[in-house]
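> got a structure for you, letters missing:
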C-alpha cells in the first residue's frame, strides 16, 4: 500500500502562508498524477489542511476518475477565507469522501499540554463530525510530528488509524500509516513509489520509525 498526500492545488489563496504555498501543486500536474494513480491498485489518496481547492479542484478531478480520498481537515480553519466551510465538508462527505482530523489549529502535537492535546484530538474531531454528519475515526499528524505520548493519546481517544509523513510503503491494515507528500515535481516523485521496493533501503528507514515511535 502507498499513501500519498496532497495539500493545495492550483493558485494559492492570499491567506495561505508562504511555507504552505511551497507544497501546493500545479493543477495540470495534479491531474497527471491522478491519471497515473488511477492505473494502479493499492494507492490511497489523502489531502491535508482543508484548503478551498479541495472542493473546487480536487473533488471534481477525483469524481472524473472515479477515485476516492480522505480529507484531513483543520477544524479551527473551517469558514476562514481560503479554507473549506461546513457546507464544503458535507459536500465531500456526500460525495463518498472520508473526513479525517488534522487537529484544531494546525500545530505540531508533540510537547503540547494535555489540555491542548485534548483540544487537537477531541474537540477538533467533535467539530468535524458535526460538520460532516459522520463519525471521524482517522487522524493525520500535522507536520508529520509525533512521539510515543502523542500515539498514546490517539489510541486513548479511539482513533482507528493514524497517518504520518514518514514516506515509503505501508501495510494496509496497520494502525500507523506512513505517507508521502506530493508537491511540485510530484509526477517524478511518484514513480519510485510505484516501482518495486528496494530492501536495502528499507532497514534504515524502519529503524528511524522505531525511534520516532518510542522517543
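Good, I have the coordinates. Note that the structure is predicted; figures quoted are calculated from it, not measured. Numbers count the residues shown, from 1 in each chain.
> Check which helix or strand the residue lying closest to residue 85 once chain neighbours are set aside maps to.
Spatial nearest neighbour of residue 85, chain neighbours left out: residue 79 (4.4 Å); criterion: Cβ to Cβ, 6 or more residues apart in numbering. C-betas here are computed from N, CA, C, even on glycine. For residue 79, there is no enclosing helix or strand under DSSP states H and E.
> how close does residue 79 get to residue 150?
Counting by Cβ to Cβ, to the nearest Å, the separation of residue 79 from residue 150 is 27 Å.
> do the same with residue 13
Taking Cβ to Cβ, one finds residue 13 at 30 Å from residue 150.
> Which one's more surrounded, those two?
In this view residue 13 and residue 150 are compared by other Cβ atoms under 10 Å, and residue 150 has more residues nearby, 22 against 15.
> which SS state does the more buried one fall under?
helix (DSSP: H, G, I helix; E, B strand; the rest coil).
> list the contacts for it?
Contacts for residue 150 (Cβ atoms under 8 Å, 6 or more residues apart in numbering) come out as 109-110, 117, 141.
> Would you agree residue 57 is in contact with residue 28?
No. The criterion here is Cβ atoms under 8 Å, and residue 57 misses it with residue 28 at 10.9 Å.
> So these two - more neighbours on which side?
A direct count of neighbours by other Cβ under 10 Å for residue 57 and residue 28 places residue 57 higher, at 20 against 9.
> quick check, that one in a helix?
Yes. The assignment for residue 57 by three-state DSSP puts it in a helix.
> So what pairs up with the closest residue to it other than its chain neighbours in the strands?
Spatial nearest neighbour of residue 57, chain neighbours left out: residue 9 (4.4 Å); criterion: Cβ to Cβ, 6+ apart. Beta-bridge partners for residue 9, by DSSP bridges, are residue 25.
> Residue 9: neighbour count?
Residue 9 is flanked by 22 other residues according to other Cβ under 10 Å.
> do residue 91 as well
16.
> One more: residue 160?
As a burial measure, residue 160 scores 12 neighbours (other Cβ under 10 Å).
> Is it correct that it is in contact with residue 137?
Yes. Counting by Cβ under 8 Å, residue 160 does reach residue 137; the two are 4.3 Å apart.
> show me where the chain has strands.
Ranges of strands within the chain are 2-6, 43-49, 70-73, 98-101, 138-140, 161-163, 176-177, 180-181, based on DSSP state E.
> List just the one of those strands that sits closest to residue 63.
Among these, the nearest to residue 63 by Cβ to Cβ is strand 43-49 (12.6 Å).
> before we move on, back to that, let's have the contacts of residue 150 in a markdown table, adding distance to residue 5, pLDDT and neighbour count.
Shown next, in a markdown table, are the contacts of residue 150 (distance: Cβ to Cβ, whole Å; pLDDT from 0 to 100; neighbours: other Cβ atoms under 10 Å):
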| residue | distance to residue 5 | pLDDT | neighbour count |
| --- | --- | --- | --- |
| 109 | 17 | 98 | 22 |
| 110 | 19 | 96 | 15 |
| 117 | 22 | 98 | 19 |
| 141 | 11 | 98 | 26 |
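> Mind checking which of these are in helices?
Counting by DSSP state H, these place residue 117 in helices.
> Looks like residue 172 contacts residue 3 (just checking).
No. Using Cβ under 8 Å, residue 172 makes no contact with residue 3, being 9.8 Å away.
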